[in-house]
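1. Give me a 3D structure for the following:
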Amino acid sequence: MVQGKQHRITQELFDETVLENQEVFELSPAEALQETVDQFGQQGVSLDHLLTSSHPTEGVKERQQRSEYQFGQQGVSLDHLLTSSHPTEGVKERQQRSEFSGFINVVLDSHVQPNGTILISNDSDRATVRSALQRIASLCSTTTNSTNSTKNKTASLLHSESSTSSSNDVIEKSTTEEEGSSFPYLNLLHHHQGMFTLMSYLGAVTLPEDATDGMDDEGLLQETVQTITQILTARPQDNAVTADMRSILRDSFVAFERLVRLIQHYATLLENNDTNSQEYISQKVNILMDLLRLGYVSCRNCERNKVGFVRSNKKTKRHNVSGGVSVAAQVLRLVVPLPEELVALRTESCRMLSVLCRFDDFRSNSSAEQHGMNVSSVHDHVLEFYRAGTIPTLHRITLDALEPLNDGSVSSSERVGLAAAALTATRVLAVNDEIVQALVAVGTLSTTRLALEAGVVLENEEDDCTNNETTKAFKVRKYQKQLLAAGALGLIRNLCGNDEIKTTLCLGSSDDPTTSVLPSVLLAMRQYRTSSSIQEHGCGTLGAMALRRPPNCLRIIDLDGPREILTAMRQHPNSVIVQRQGCLAVRNLVSRLVERYPSGEEAREAAAASAGVAGVNIRDVFLDLGAEQVLQSIAGRHQGSVDEAYAALRDLGCTVSLLKFDSDSIEQSRASGGSVQVKARPAMFGEVKSNFRPVYDESPNLHNSGL
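-> Next up is the predicted model:
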C-alpha cells in the first residue's frame, strides 16, 4: 500500500498542544501526551522528528541543551540571549482564549432570553457586559504579527463543521503560515456562533414597532454596533487566513431588518427633533453614524448582504417601517444644525449608498453560490435609488461641500472627504443614458468640472515648508485633493457614456470652449502619477471620449494625451486595470483615424473647424513615444489586457501575433522537461474566407452514394 504524503509540525506546536490538552481536558502529563500523539496520528502528521517527552517543559529543556551544544561547537556565545525553558507565551494565549470564550458563552449568552430579547437586571451586569464587548472588540481587531506568538495549533479542533478544508490542510496551514494575533479569537467567535449572540444585542433598544417591551440602553447598543464593526472591518495587516475568517463572519451577519429599522428610528428622531440640545443631537448622530458604518462593512464585498439590506422590511406589514433604499435616502436628506456632525453623517451616508450600488464581490462562483448569491443586483439597486430621488440630493450635498473651495477659502479635510464621497456615490448611479441625462439636468457637468479643477490646483507651499509640521500639513492637503480629483474623474468617465455629453466635456460648449475638462484631466494624470486610481480613471476617460468621435481624438492628441496614457502604463506595469484602460484608450484614439485616413490628413481637415489643429500622422505620434514596446512587453504580458494590447498593436500597423498556450501541456512539459506545446492562435473575423454558399447546388456525390 502506498502511503499518502505526511505533514510535519514543529516541536513548539507539539509541546503547546500537549499543554492545552492537559489543561482543557484535565489530563495527567502522560495522558495528555498520549492524547496528542493520537490526535496528530489520526490526522496523518509525522512525529518521527520530534522529542516526545512526557512533559513539554522537559522537551523544551532538551531542545535548549541540544541548541547550546550545537552553537558551542561552532564557537557561538549565547550569554547575551534569554534562553528561558518555560513556554509562558503559550500559557498567556491559552488564558486569553479561555477568557474570550467565557465572554461569549457566560457573560453575553446569560442575558439572552429564549425569544432573543436581552434582559439585564442591574447596573453591575450592564458594566460587565459592556466591558466584555470592549474586550472582544480589542482581541478581534489586533493585527500585530509577533515572531514570539504561538502558531494556531488548535485550528483543526476549533474549525467549524461547515468548513470545506480537511484537517490535514488546516494543520499544514497553521504550521507554515504566521497567523495574525486576532485569528484565534475570530476563529473562536465563529466556532461558538458568537455573531448570533452579538446580533441579539442589537435589541438593546426597544423600537416603537417592537411587539414586546425590552431594554432601552443606547450605550449598550452603541457598544454592540462598534464591536461588530471592529470584528468585520478588514485591515491591510490581515493575512489571507485572517481575512478569510472575517469574510466568514461577515457572511454570517443576517440582522439587516433590525439594522435598517434602527437606522430609520434614529433618522426619524433627528427629523422630528424639537429640542435645541446639542448634546442630544450629537448623541443621536453618533449612534446613527455607527449604524451606517456597520451597514457599510457588513455589505462590502458580499453581494448577498447588499441584497439583504436593500430588501429588508419590504414585505412587512408594520406601520411606518421602510425598506433599505428608502431608509438610506432618508438619511441622505437629513439635516442637523451641527455643521461638523452633518458633514460626517453625510459622508457615511454617501459611502453606504456607494457600496450598495457597486459590485465588489469577486469571489469564485462556487463560493458565491455557497453563500446564496452568484449574480449581481447592483443595477436593480441603482434604479431603486434613482426612483427614490437621490440624484438632486447628492448634487446639493456636493455643492455644499465644494462651496468653501469655490469661494477661495481653505476647505477642511472633512468637507473635501464629503465632496469625494458624494462624487463617488454619484458615479455609481450613472449607469444608463436616462440617469446621465438626469444628472446633466441638475447641473452635474459644471459641478464636476469645478471639483476636478479644485483637485488639481495645489497650494504653492512647498517652498514655505520650513518645519515638519508644515510639510506634513501640505502632504495631507495634497492627499485630500487627490481624493477629490479621483472622485471627479470617475464621475466624468461614466458621464462620457453619452456621445453628446462626452463631446461637450472634451471640446467644451459651442458658446464657451473653455468649459472643456480635458486640460484638467491631463493635469490630474501628470500631478498624481503614483495614484493607480487616477491613472485608471484618466485612461478610461480619454478612451471613452475618443470612442466614435474623431474630433475628440484629435483634440486629445493635440494636448499630448498619448504621452500621458503611455506614461501611466509605464508607471504602473503591474496594474492590470491601468494596462487594460490604457490599451483601450490607444485603440480608440488610433482605430478610426488610421483605418479611414492612413495619413491622418483628411481627418484633420474634416475636424479642423471644431478641433483647431494642424495635420500630423496619428500612427507616428504613438510609435515615436514607444507605444509598441509598452503594448508588447508591459500590457501584453497580463492575461487581463493581452487581447486589448493585441488589438491596439494591430490598429497601429505593428507586426504582432497572438499565440495560445495550453495550460495542461505547460504542466506536462514542466514535469517531463520537454517543450511547451503552442496551439494556433484564434482566427480573427475576416481573416479566413467563409465556406458559406448563398446558392444551393445539389452535390454530384449524392448520386454515387447509393442514397
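
2. how many neighbours does the closest residue to Cys357 other than its chain neighbours have?
-> Sequence neighbours aside, Val428 is the residue nearest to Cys357 in space, at 4.2 Å (criterion: C-beta to C-beta, 6 or more residues apart in numbering). Where you see a C-beta, it was placed from the backbone N, CA and C, and this is true even at glycine. Using other C-beta atoms under 10 Å, Val428 has 22 other residues around it.

3. Quick check: which ranges of the stretch 351-500 of the chain have low pLDDT?
-> The model of the stretch 351-500 of the chain has pLDDT under 70 over residues 364-375, 405-411, 458-470.

4. hey, where'd the strands end up in it?
-> Using DSSP state E, counting those that start in this stretch, the stretch 351-500 of the chain contains no strands.

5. And Gln581, how close does it get to His572?
-> 10 Å (C-beta to C-beta, to the nearest Å).

6. Of these two, which one has the most company?
-> Between Gln581 and His572, Gln581 has the larger neighbour count (other C-beta under 10 Å), namely 27 against 21.

7. Contacts only, for the residue nearest to Cys357.
-> Contacts for Val428 (C-beta atoms under 8 Å, 6 or more residues apart in numbering) come out as 353-354, 357-358, 378, 382.

8. Dump those residues to JSON lines, plus neighbour count.
-> Compiled in JSON lines, the contacts of Val428 are given as follows (neighbours: other C-beta atoms under 10 Å):
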{"residue": "Leu353", "neighbour count": "29"}
{"residue": "Ser354", "neighbour count": "21"}
{"residue": "Cys357", "neighbour count": "26"}
{"residue": "Arg358", "neighbour count": "19"}
{"residue": "Val378", "neighbour count": "19"}
{"residue": "Val382", "neighbour count": "21"}
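
9. Need the residues you listed in JSON lines (columns: distance to Ile263).
-> Below are these laid out as JSON lines (distance: C-beta to C-beta, whole Å):
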{"residue": "Leu353", "distance to Ile263": "13"}
{"residue": "Ser354", "distance to Ile263": "16"}
{"residue": "Cys357", "distance to Ile263": "17"}
{"residue": "Arg358", "distance to Ile263": "19"}
{"residue": "Val378", "distance to Ile263": "21"}
{"residue": "Val382", "distance to Ile263": "20"}
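
10. Max pairwise distance over the residues you listed: which two?
-> Leu353 and Val378 (11.8 Å; C-beta to C-beta).

11. returning to what we had before: which neighbours do Gln581 and His572 share?
-> Shared contacts of Gln581 and His572, defined by C-beta under 8 Å, 6+ apart, are absent.

12. Show me the shaky parts of the stretch 501-650 of the chain.
-> For the stretch 501-650 of the chain (pLDDT under 70), the answer is 594-616.

13. let's see it at 80
-> Within the stretch 501-650 of the chain, the stretches with pLDDT under 80 are 510-513, 592-617.

14. so what's Asp210 up against?
-> Gly203.

15. and if you look at Glu99?
-> Arg135.

16. What residues sit buried inside the helix or strand hosting it?
-> Here Glu99 is covered by helix 88-102, with elements defined by DSSP states H and E. Buried positions in helix 88-102, judged by neighbour count with 16 or more other C-beta atoms under 10 Å: 90, 93-94, 97, 100-101.
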